[in-house]
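Undergrad: Sharing a model prediction with you, sequence too.
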Amino acid sequence: MNVVHSLDQIPELQGPIALSIGTYDGVHLGHQMIIKRLRKETRKKGSTVLLTFLNHPSTYLSPNAPVPLITTTDHRIALLKEAGVDLVIALPFNQTFARQSYQEFFTALKEKLPFDHLIVGEDARFGKERAGGPDELQALGIPITYLKKDGISSGAIRQLIEKGELKKVKKMLGRPYIIRLPFDQGNVIRENDGQYRWETGVSQLSLLPSAVYGVDLMADEKKVPGIAFYRGTQNIQKETELSLTLYFEKELPAAPFIDITFLAYLHDELDPNLSLGNFKTEPSLV
């Protein structure tokens, strides 16, 4: 999969070209349904393309209340690759983009990307003040198809994450809830002969309730069970901030990132500086 960051970088693509446009936060089952339709329209010979944003539009449109994310940008792009997208156009959502009319946007896009199909979710609208809906795009001659997402949305998933409804989140994502973070084994502290600790943080993600969770840790295709002391807060700018203290019993390899799969709530928040004793991280725990 290729990733470009401007329309001028779009390579020559084999047709037919099927395109979708959207934030695609979480790459949930509704998004995956759209991507499957893209692949169907290309008849397995053409190119599937997704135009998305490096930052959520709310960071520009509502800077005092940005939307917390289900997935980091790097994780989202990796999930799009797994789903079979050939080209991701990842653009910054900024003043220039926000002020474009839908006519200006699609005129510029068609010049660089002569797509044959545009497939989006049923609530998709385009351009300044979201003025480009089904009738307006049809008048432009845009070959668009709207798909229903059967009640699955990024907003609904965020609400479930905030409630700690891990099973329902898994059902809507089509996979367990995972946070992918940069990782370096060199930052891991060995507590004793059978216990390791890693502390990290991240901002602007949707927050589970602060608690202790059973997790699986995956780095460089090596999986290790662990326990996560999870503490989420919101600062005065309404940005979410997460601090994680992870304990596990087997060494993880150095890797560019770590996947933290949240399997189950264990109990209410505890101070991770307290002694855990001889805790076990067997799968039966979670």
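TA: All right, it came through fine. Residues are numbered from 1 along each chain as shown.
Undergrad: In the stretch 51-200 of the chain, what residue spans correspond to helices?
TA: Listed in chain order, the helices of the stretch 51-200 of the chain (DSSP state H, counting those that start in this stretch) span 58-61, 73-82, 95-99, 102-112, 134-140, 154-163, 166-173.
Undergrad: In TSV, list those helices along with mean pLDDT, mean neighbour count and distance to F183.
TA: Placement of C-beta: from N, CA and C, glycine included. Shown next, in TSV, are the helices of the stretch 51-200 of the chain (pLDDT from 0 to 100; neighbours: other C-beta atoms under 10 Å; distance: least, C-beta to C-beta, whole Å):
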stretch	mean pLDDT	mean neighbour count	distance to F183
helix 58-61	88	16	25
helix 73-82	95	18	12
helix 95-99	90	11	32
helix 102-112	95	15	36
helix 134-140	92	13	43
helix 154-163	96	18	22
helix 166-173	97	18	22
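Undergrad: So for P253, which of these sits nearest?
TA: Across those, P253 has its closest neighbour in helix 73-82 (18.3 Å, C-beta to C-beta).
Undergrad: Please name every helix or strand in contact with that closest one.
TA: Applying 3 or more C-beta pairs under 8 Å, 6 or more residues apart in numbering; DSSP states H and E, we find helix 73-82 packed against strand 47-53, strand 87-91, strand 177-182.
Undergrad: Reformat these as CSV; add distance to L263 and mean pLDDT.
TA: Below are the helices and strands packed on helix 73-82 laid out as CSV (distance: least, C-beta to C-beta, whole Å; pLDDT from 0 to 100):
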stretch, distance to L263, mean pLDDT
strand 47-53, 29, 97
strand 87-91, 29, 97
strand 177-182, 9, 97
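Undergrad: Pick the most buried one from these.
TA: By mean neighbour count, with neighbours taken as mean count of other C-beta atoms under 10 Å, strand 47-53 ranks first of those at a mean of 23.
Undergrad: That one to helix 73-82, inter-axis angle?
TA: Angle of strand 47-53 versus helix 73-82, following axes from the mean of the first three to the mean of the last three C-alpha atoms, to 10 degrees, is 160 degrees.
Undergrad: Could you quantify the relative orientation of strand 47-53 and strand 87-91 as an angle?
TA: Angle of strand 47-53 versus strand 87-91, following the same axes, to 10 degrees, is 20 degrees.
Undergrad: need the longest helix for the chain.
TA: Ranked by residue count under DSSP state H, the longest helix found in the chain is helix 29-41.
Undergrad: Which residue lies nearest the spatial centre of this protein?
TA: Centroid-nearest residue in the chain: T71, 2.8 Å away (criterion: C-alpha atoms, centre = their mean).
Undergrad: what ranges of this structure fall below the confidence cut-off?
TA: Low-confidence regions of the chain, defined by pLDDT under 70, span residues 270-286.
Undergrad: Mind doing that once more with 80?
TA: Within the chain, the stretches with pLDDT under 80 are 44, 149, 236-238, 269-286.
Undergrad: Walk me through the domains of the protein.
TA: 2-155, 177-285 (automatic domain parsing).
Undergrad: Next, format those domains as TSV and append distance to K170.
TA: Listed next are those as TSV, based on distance: least, C-beta to C-beta, whole Å:
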stretch	distance to K170
domain 2-155	10
domain 177-285	6
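Undergrad: between those, which one is nearest to E165?
TA: When the domains of the chain are ranked by distance to E165, counting by C-beta to C-beta, first place goes to domain 177-285 at 9.5 Å.
Undergrad: on that earlier part again, quick one: the longest helix of the chain to chain centroid distance?
TA: 16 Å (C-alpha atoms, centre = their mean, to the nearest Å).
Undergrad: K238 is nearest to which of the helices of the stretch 51-200 of the chain?
TA: Nearest to K238, of all these, is helix 58-61, at 10.5 Å by C-beta to C-beta.
Undergrad: other SSEs contacting the closest one?
TA: When contacts are defined as 3+ C-beta pairs under 8 Å, 6+ apart, helix 58-61 sits against helix 95-99.
Undergrad: Let's have the helices and strands packed on helix 73-82 in a markdown table, adding distance to P134.
TA: Formatted as a markdown table, the helices and strands packed on helix 73-82 follow (distance: least, C-beta to C-beta, whole Å):
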| stretch | distance to P134 |
| --- | --- |
| strand 47-53 | 18 |
| strand 87-91 | 23 |
| strand 177-182 | 33 |
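Undergrad: Please identify which of these is closest to Y247.
TA: Y247 sits nearest to strand 177-182 of all the helices and strands packed on helix 73-82, at 15.9 Å, using C-beta to C-beta.
Undergrad: So what angle separates the directions of the closest one and helix 154-163?
TA: Interaxial angle of strand 177-182 relative to helix 154-163 (the same axes, to 10 degrees): 90 degrees.
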